[in-house]
Structures are given as structure tokens and as C-alpha cells.
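**Student:** Predicted model and sequence follow; I will ask about them next.
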Amino acid sequence: MGPLGGAPMTSHLDRETLESFLAGGLSEDEDRALQRHLFICPRCEAQLTRLLPLEVPGWPASPEAVGGRGDVLGRVAEEKRPDTERRRAGLAAERAGAPGLWNELEPWDRERRRELVWHDPRFQSWGLFELLIDLSHRILPQDPREAEDLARLALDVAEQLSPPAHAVAAIESAKARAWIQLAHAQRLLSDFRQAEQAFQTAELHLSRSWLDPLDEGLLLEAKAPLRRAQGRFGEALEMLDAAIAI
């Protein structure tokens, strides 16, 4: 996060700072600096929007309900509400269409599936990405090789997602999820070196995302079994404890 107070912010705000702002936990100078930053930084304003209960009609009901921040939050909410509603409607449509897209992909071999994802915009869908991750997770214990293929296909889909349909940080989070799932499969295939590299790539994408604590917890929880398989039991327990704490 960039500095608060009199100095200008040159980097982006983290979730903890935004939540502190919502709760009224910043000093007066920090509060003013953050509001100035929100006016000039679409990325941080979008991140704040994700923390707002925009689905509640007439929100915010009172400044007290949001720690006295009704003025700036109301502006953000009203400006972003139409775009947010369009995104939600689009996401719902993509999720509804994902099973049909998978039915088209499933009969083909791995290479043909990838070609379709790369070249046919219909398959460049967030809903399909989510479905592929879910399918990979479900079959992982029985067929880690197929789970690996599905995770790679999900990664192909994530690579084709682009703004403005999806936020850049959200796309980075999706890529991180795909690499984590790929690492799971590689661990079960006893390819520990590749799994380690996959986790490192996931961490890189996670650093470019919203830095959602849930994503960080998912990464730690996923890495713990690899450490256990490597015989690094102390590290595995530390990672599980950290994931639980998040």
C-alpha cells in the first residue's frame, strides 16, 4: 500500500486498509488521503466496490452503517452500480452456459480442446473456467492425470479472459487458482518439482490480484500436502495453522 497522510499514494491500497476505512479506523489525515486516492485510482475504487453491499436497495441507509463514510461510498456505489449489475448478469449467464460448453469440449482430445479455447470466443468464459476447476477438483483423487489436463485447460481459459469484461486483478486470481489446482494434480502424480514450480507461479499471479485473504488461505492449504509428501512436516503444520488463521 502507498503511504497515507500528506504524502501522495504511489501504489495501490490493500484490503486491510480499505476495511479499516470502512470501519472508520483511519486518522483524519489518512482518511482524506485515501479518499483523494480513490478519486484518481480506478483499480482501488473497484476493489472498494467489491467490499460494498451493492445488492441492498437504497444502500447506504445511513452514514453510521458504514462508519460515517456514506458520502464517498455512496458516490462509488452509485457510479459503479450499473456496471456491477451488468457484470453479475453476465456472470450468471456464463455459469448457466458452462455445462453446454463442456459438453462440446468433452468428446475431443486434449489438443483439440485447447485449440477451441484459444480460437473460439464462446469458450473464453469465466463460467467455463469455474466449471473446469470444479471438475478437476472432483476427479483429482481418482484420476490425477485427467485432473491435470482439466486444470491446464482452465488455465488456457483464464489466459484468454480480458478486460473490460473481467477486472485484471480478478483474472490474475483466476490464473492463481488454476496453477494451484495444477500443483495439486502434479503432487498426486509425484511430480514434486513441477508442483513446486506451479505453486511459485500461483504466488506470482496472486501478488498481482486483489490479494484476497481467501486466496492466500487456499494457497497455504494447498501447499501443506506437498510439504508433507516431501517429508517437511514442520512446514506443513505451519502452513495449515496459517491457513486456518486466515
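**Tutor:** Looks like it arrived, so ask away. For clarity, every value in this text was computed on a predicted model and none was experimentally measured.

**Student:** Please name the residues that touch residue 185.
**Tutor:** Listed by Cβ atoms under 8 Å, 6 or more residues apart in numbering, the contact set of residue 185 reads 136, 140, 144, 145, 147, 148, 151. (C-beta placed from N, C-alpha, C; glycine too.)

**Student:** Considering those residues, which possesses the most neighbours?
**Tutor:** When neighbours are counted by other Cβ atoms under 10 Å, residue 151 leads these with 28 neighbours.

**Student:** could you check the distance from it over to residue 98?
**Tutor:** In this structure, residue 151 and residue 98 are 16 Å apart, going by Cβ to Cβ, to the nearest Å.

**Student:** Which secondary structure state is assigned to residue 177?
**Tutor:** The assignment at residue 177 comes out as helix when based on DSSP: H, G, I helix; E, B strand; the rest coil.

**Student:** Who are the contact partners of it?
**Tutor:** Taking Cβ under 8 Å, 6+ apart, we find residue 177 in contact with 133, 154, 158, 202, 215, 218.

**Student:** what residues are up against the second one?
**Tutor:** Going back to what we said before, that points to residue 154. 129, 132, 133, 136, 177, 178, 181.

**Student:** Let me know how buried residue 190 is, in neighbour terms.
**Tutor:** 10.

**Student:** mind checking how far it is from residue 144?
**Tutor:** Residue 190 sits 9 Å away from residue 144, going by Cβ to Cβ.

**Student:** again with residue 194
**Tutor:** 12 Å.

**Student:** repeat for residue 109
**Tutor:** Distance, residue 109 to residue 144, by Cβ to Cβ: 18 Å.

**Student:** List just the nearest of the contacts of residue 185 to residue 124.
**Tutor:** residue 151 (17.0 Å; Cβ to Cβ).

**Student:** ok so, going back, tabulate the contacts of residue 185 in JSON lines, adding columns for distance to residue 115.
**Tutor:** Shown next, in JSON lines, are the contacts of residue 185 (distance: Cβ to Cβ, whole Å):
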{"residue": "136", "distance to residue 115": "19"}
{"residue": "140", "distance to residue 115": "25"}
{"residue": "144", "distance to residue 115": "24"}
{"residue": "145", "distance to residue 115": "20"}
{"residue": "147", "distance to residue 115": "21"}
{"residue": "148", "distance to residue 115": "18"}
{"residue": "151", "distance to residue 115": "18"}
